[in-house]
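J.: Quick one: sequence and predicted model below, then my questions.
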Amino acid sequence: MNTILEKYYRVLIADDEKGIRDLLKDLLEGSFYVSTIDRGDTIIEEITKNKYDILILDLQMPGKNGIEVLQTIRDLKLDIVVVVITASNDVQLAITSMKLGAYDYLVKPFDTDKLLVILKNIVEKLDLENEVNELREKVGESFRFRNIIGKSPKMQRIFATLERVIDTDSTILIIGESGTGKEIIAKAIHYNSNRKQYPFKSIDCSTIPQDLIGSELFGHEKGAFTGAIARKIGKFEVASKGTLFLDEISNLSFDMQAKLLRVLQEKEFERIGGNEIIKVDTRIVAASNRDIREMVKQGTFREDLYYRLNVVPIYLPPLKERKEDIPLFIDYFLNKFTTEYGRDISLDLQSRLYLTDYHWPGNVRQLENVIKRLVLLSTEHVVKLDIVKSVLEFEEYNKPKEKTVNVENEHINHEIPEAVINSKKVQDSESHVDRVKTLDEIEKDYIEKMLKHFDYNISLTAKAINVSRKTMHNKLKKYNIAIKKTVIEN
Amino acid sequence: MHEVDIIERVIRNIAHEVRNPLTTVKGYAQLLSQKNEPALIVKSQHMIIEQSERIDTIFTQLYDAFTVIDDDRAECTFPEVLYTVVEESPYSKYITIERNAQFRVSLYVNRFQQCLSSIINGFNWKYFSGASLHINALKDMHCIVNISFLGVVFDSIPEDIFYYPFQCKQFFSKGTELFKVYCIAQRSAWQFTFLKEHNGFTLEIPM
């Protein structure tokens, strides 16, 4: 036992028999921190005053019997594992004890080895729980409001709103452009709330086919449809007591919107193909980069669901509207990627100012990518403005056109990247050829720089610029770029 | 209750009581084979002997409960006869006696005092520090002695089998005190009852 237990957990032995108290103390001391108590009515006071992990509880004691003690532990939700020991072999007592939450039950005179095995299992369980709690704490810590980058007044207002509703069960609707950090805010809501010890689950409604989304959300029974070879527990059930983040909720079909509305109203549902009504207490945080109110007007989103979701609306501003936060993000990502890739890279003042003033159509996600590339690609310790510009040019060229929400005016705008506008101007007017490079030229320059940086290693270069090896070869062929390997001469 | 049920219940209570010292004996014997520390060996041997003696004591107490002393009827005065027992008890400061009724009766005085002493001194005063006891005696067709406890609740005691050995172990330190009173009462043709509503016991002695 001594070799198995590395940690000292605190054990309280509650038995009115001095012989039993002495025996268990002699048996367990060395592996645990052991205390004893000889009456039932002081156990609760003792375990609330001094933190114990395990209680070895005799059922028949003066003052308060063991069953009453178990009931109180359950009622007060005290965090302690209870092993019941009793001289009675009444089966009903054993059942009652287990129902009241006892971990195990031993009838006197028990084998001490048996008790040690039970305690070993408890220690393993406690170790695992502690590990999970530490990990959860670590994850939670990074999502504390104070650790989320957002010093700008707009973000501070959001945090203040969230602080007020954090421990309520209110549904929260986050509206914001792509890349503004909607999922981070959803996680922050979860990890700052009193649900943090329960699961946080997320589902991106835009990436899952509509015919599968029901099964993802509500689960299904075996044989519910072709391919349902086993029962599947849906995200709603898994996240019960916790938080379910429904990203891009505007992509839900009308039919699925009706089902979601029912769960929000009734707090119950049935798995697909099942009859059992499953009750859940799951907090919903939904997000969208589209103006759902506009969709309601157009009849593509249910009005009743919109109002159910929109209990606490949060409008996440695009990065360009919170420029105060950009230098903080730059430092955060620089630190993150230099640590991750083991590189010593910094940005000169001009680069910092340029990045801060940039309009960031792809928001925080784009800024993160840009800093990652700068860290990966820079051959100098201090990144200069020209490198920053070329990376941004490449970013804009590759950036897909997307709809964005102007959260201030709540109108849907289409933003066209400046580089694309510029390239269109180039195509439209040949007179600009000398002054402005074509997109192909920008891309060719960029690929050549990358290849040089990675010593003409095609795989590494392709990985760095986020294209496949095949695409890379096509580009090399298209731009007629020759591969020059460094030759080390003897 | 059927005779077989009574025997089953009594055996169950006795087994329950014996299992505690048995656990200690068994546990220390197992500990001896696991740990080879001189101090623990000495302690284990001591505990094994002590707990074996305790098992013997349990049976001695049970046997003692059955053994009722020979006694002759004698005249005595209430409540003076009560004072004699209470004044000898180390717990006398927790006990009050009602003085209202004064009368003389003829009874097995020694047996009666033994009953009273068992209840008074057998009660687990150590665990129920706020408890006190009130005794009153009255006479009509019978002499009735009521022994009521205050500051402790006997809710968990079953009225029909309260006197079974070790049934009230959580309130009485040996667990055989009430059984002893019951045995004496039976042999003396008295009535010994537990009254939940009075949180105590009554001895009814026919005149």
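T.: Okay, I see it.
J.: what does chain B have sitting close to chain A?
T.: Proximity of chain B to chain A is confined to B:12, B:15-17, B:19-28, B:30-31, B:34, B:40, B:43-44, B:47, B:50-51, B:54, B:124, B:127-128, B:156, B:169-171 under the rule C-beta under 8 Å from any C-beta of the partner chain. All C-beta atoms are positioned from the backbone trio N, CA, C, and that covers glycine.
J.: filter the residues you listed to the buried ones?
T.: Among the residues of chain B next to chain A, those that count as buried by neighbour count (16 or more other C-beta atoms under 10 Å in any protein chain shown) are B:12, B:16-17, B:19-28, B:30-31, B:40, B:43-44, B:47, B:50-51, B:54, B:124, B:127-128, B:169-171.
J.: care to break chain B down by domain?
T.: Following automatic domain parsing, one finds the domains of chain B at B:3-66, B:73-206.
J.: Can you give me the end-to-end span of the last one?
T.: The reference is to domain B:73-206. Across its full length, domain B:73-206 reaches 13 Å between end residues, using C-alpha to C-alpha, to the nearest Å.
J.: Tell me where the longest helix sits in the chain.
T.: Just so you know, I chose chain A. Counting residues, the longest helix in chain A under DSSP state H turns out to be helix A:112-142.
J.: Oops, wrong one, chain B.
T.: Of all the elements of type helix in chain B, the one with the most residues (DSSP H) is helix B:3-34.
J.: Just want the angle from that helix to helix A:112-142.
T.: Helix B:3-34 and helix A:112-142 meet at an angle of 80 degrees, taking axes from the mean of the first three to the mean of the last three C-alpha atoms, to 10 degrees as the criterion.
J.: Just after helix B:3-34, pick out the following helix or strand.
T.: helix B:38-66 (DSSP states H and E).
J.: just checking, what packs against the following helix or strand past that next one?
T.: Past helix B:38-66, further along toward the C-terminus, the next helix or strand under DSSP H and E is strand B:73-78. Under the contact criterion of 3 or more C-beta pairs under 8 Å, 6 or more residues apart in numbering or on different chains; DSSP states H and E, the helices and strands touching strand B:73-78 comprise strand B:103-108, helix B:109-122.
J.: With distance to residue A:451 and mean pLDDT added, can I get the domains of chain B in TSV?
T.: Formatted as TSV, those follow (distance: least, C-beta to C-beta, whole Å; pLDDT from 0 to 100):
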stretch	distance to residue A:451	mean pLDDT
domain B:3-66	70	91
domain B:73-206	85	91
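J.: of the ones you listed, which approaches residue A:142 most closely?
T.: Closest to residue A:142 of these, according to C-beta to C-beta: domain B:3-66, at 46.3 Å.
J.: what's the spacing between that closest one and its chain's center?
T.: 20 Å (C-alpha atoms, centre = their mean, to the nearest Å).
J.: any residues touching stretch B:140-157, and which ones?
T.: The contact list for stretch B:140-157, computed with C-beta atoms under 8 Å, 6 or more residues apart in numbering or on different chains, reads A:65, B:78, B:82, B:103, B:105, B:107, B:116, B:119-120, B:123, B:128, B:130-138, B:167-168, B:170-171, B:194, B:196, B:198-207.
J.: Cool, thanks, talk later.
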